[in-house]
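Peer 1: here is the input, now give the coordinates:
(chains A and B)
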Protein chains: 2
Amino acid sequence: MDAQLDSLKLDSNGLIPAIVQDADNGQILMMAWMNRAALDKTIETGTVHTYSRSRGRLAQKGESSGHLQHVVRILTDCDRDVILIQAKQDVAACHEGYRSCFYRQYQPEKGDWKIIAEKVFDPGKVYHK
Amino acid sequence: MDAQLDSLKLDSNGLIPAIVQDADNGQILMMAWMNRAALDKTIETGTVHTYSRSRGRLAQKGESSGHLQHVVRILTDCDRDVILIQAKQDVAACHEGYRSCFYRQYQPEKGDWKIIAEKVFDPGKVYHK
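Peer 2: Numbering: from 1, shown residues only, chains lettered A, B, ... in the order given. Sure, this is the predicted structure:
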């Protein structure tokens, strides 16, 4: 899209990690991967697009669920090898039904992971219409 | 350290991305990489340790500057392939002198990156004593 994006450092697969953070309350919603096309599409449309490594293609975040992420601002880090997107989240980010994908907290005393969030939608209803 | 950490999905290089977020105000401080040893050391000591890909070794975050990150809680995401550490940051996270490594914001109208933060320490004084 423009030359300044060329200064970003993509990895050997042409990908860059993209953290998505709730622009309103700072909650970290997810981390995904972008290629250059996903980044261009994100800027062009104002909604987050990612490169799905499992599906091997560009995807609009929320294309199945309708739970889009609306870009407020885009930042990069000192090494220009990570993208941070602050966004307005429709409904929820996680396909498991949680607002954020980071819903498991490590419990050092038990050496276990505990679910610390409540689901905000029912994935069975959203993904299997 | 314990079996539940074995459920984390490391990449083909044995690494997992670790986002570090300020536990007090939600600011995203940095993203680094951990191997299993870095994660174990982080849990054991309560201070963030990473695997430095450029130096090819385990490193305590802030070992040169003294700007340690004190772990408050550790989370993982739905796919268990990203770690989120909420921490108390001593001084600043970025070796460039900024509180957060994410100090550059994309300016869509100019196609440019703008520095949006002020330095909180002088790297020349901290790293070249």
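
Peer 1: is the closest residue to chain B within chain A in a helix, a strand, or coil?
Peer 2: Residue nearest to chain B within chain A: residue A:26 (2.8 Å; C-beta to the nearest C-beta). Just so you know, the C-beta spots here come from the backbone N, C-alpha and C atoms, and that holds for glycine as well. Under DSSP: H, G, I helix; E, B strand; the rest coil, residue A:26 falls in the coil class.

Peer 1: so who does the closest residue to it other than its chain neighbours touch?
Peer 2: Of all residues not flanking residue A:26 in the chain, residue B:26 sits nearest, at 2.8 Å (C-beta to C-beta, 6 or more residues apart in numbering or on different chains). Contact analysis of residue B:26 by C-beta atoms under 8 Å, 6 or more residues apart in numbering or on different chains lists A:21, A:25-27.

Peer 1: now the residues you listed as a markdown table including pLDDT and distance to residue B:51?
Peer 2: What follows is the contacts of residue B:26, written out as a markdown table (pLDDT from 0 to 100; distance: C-beta to C-beta, whole Å):
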| residue | pLDDT | distance to residue B:51 |
| --- | --- | --- |
| A:21 | 98 | 24 |
| A:25 | 97 | 31 |
| A:26 | 98 | 27 |
| A:27 | 98 | 26 |
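
Peer 1: from those residues, which is closest to residue A:38?
Peer 2: residue A:21 (17.3 Å; C-beta to C-beta).

Peer 1: what sits opposite the closest one in the beta ladder?
Peer 2: Legend: beta-bridge partners of residue A:21 under DSSP bridges are residue A:28, residue A:86.

Peer 1: test my guess that it contacts residue A:86.
Peer 2: Yes. Residue A:21 lies in contact with residue A:86 (C-beta atoms under 8 Å); the separation is 5.1 Å.

Peer 1: ChimeraX command for the buried members of the contacts of residue B:26?
Peer 2: Selecting only the buried entries of the contacts of residue B:26 in ChimeraX, with 16 or more other C-beta atoms under 10 Å in any protein chain shown as the criterion:
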select /A:21,27
